[in-house]
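>>> coordinates only, no sequence provided:
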């Protein structure tokens, strides 16, 4: 079992930046791929970004490409989502996830993840 806890959310003005963290406990995070998803009010949870267990591969949704960066520090058992140039449409609850599957399909899909955090709210004001 892996427990995930997100932090770093908050209120920011459009154009600003936030860095979300995802701290893992229970098992080492290094054997899992990590993903970030978000869910805006009244909408489906959608993929944001992901990083493979070795950090050699990253994936991003088109809507955040060039603005968001996924990274991880396996020594700290923590993953990160750096969000720059934030827009009001980025407002959502952000979730981190960990999973043992590999490959593009699974890393970009909710089906690829076995463990989820509780989420952290990000609000971008215009």
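Yep, it's here. Computed from a predicted model, the values in this text were never measured in an experiment.

>>> any idea how far residue 106 is from the most centrally placed residue in the chain?
In the chain, the centroid-proximal residue (Cα atoms, centre = their mean) is residue 36; its distance is 2.2 Å. Going from residue 36 to residue 106 by Cβ to Cβ, to the nearest Å gives 15 Å. From N, CA and C alone the C-beta is placed, and that goes for glycine too.

>>> what is the burial count for the residue lying closest to residue 70 once chain neighbours are set aside?
Nearest non-adjacent residue to residue 70, counting by Cβ to Cβ, 6 or more residues apart in numbering: residue 49, 4.1 Å away. Neighbourhood size, residue 49 [other Cβ atoms under 10 Å]: 25.

>>> hmm, residue 49 is touching residue 80, no?
No. Counting by Cβ atoms under 8 Å, residue 49 sits too far from residue 80 to count as a contact (10.3 Å).

>>> follow-up on the earlier one: contacting residues for the residue nearest to residue 70?
Shown in contact with residue 49 (Cβ atoms under 8 Å, 6 or more residues apart in numbering): 35, 36, 58, 59, 60, 61, 64, 68, 69, 70, 81.

>>> just residue 79 next, same as before
Listed by Cβ under 8 Å, 6+ apart, the contact set of residue 79 reads 21, 22, 24, 29, 34, 36, 51, 70, 71, 72, 73, 96.

>>> how about CSV for those, with secondary structure, pLDDT and distance to residue 9 added?
Listed next are the contacts of residue 79 as CSV, based on DSSP: H, G, I helix; E, B strand; the rest coil; pLDDT from 0 to 100; distance: Cβ to Cβ, whole Å:
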residue, secondary structure, pLDDT, distance to residue 9
21, strand, 98, 10
22, strand, 97, 11
24, strand, 94, 17
29, helix, 82, 20
34, strand, 95, 17
36, strand, 98, 12
51, strand, 95, 19
70, strand, 97, 16
71, strand, 95, 17
72, strand, 94, 18
73, strand, 93, 19
96, strand, 98, 11
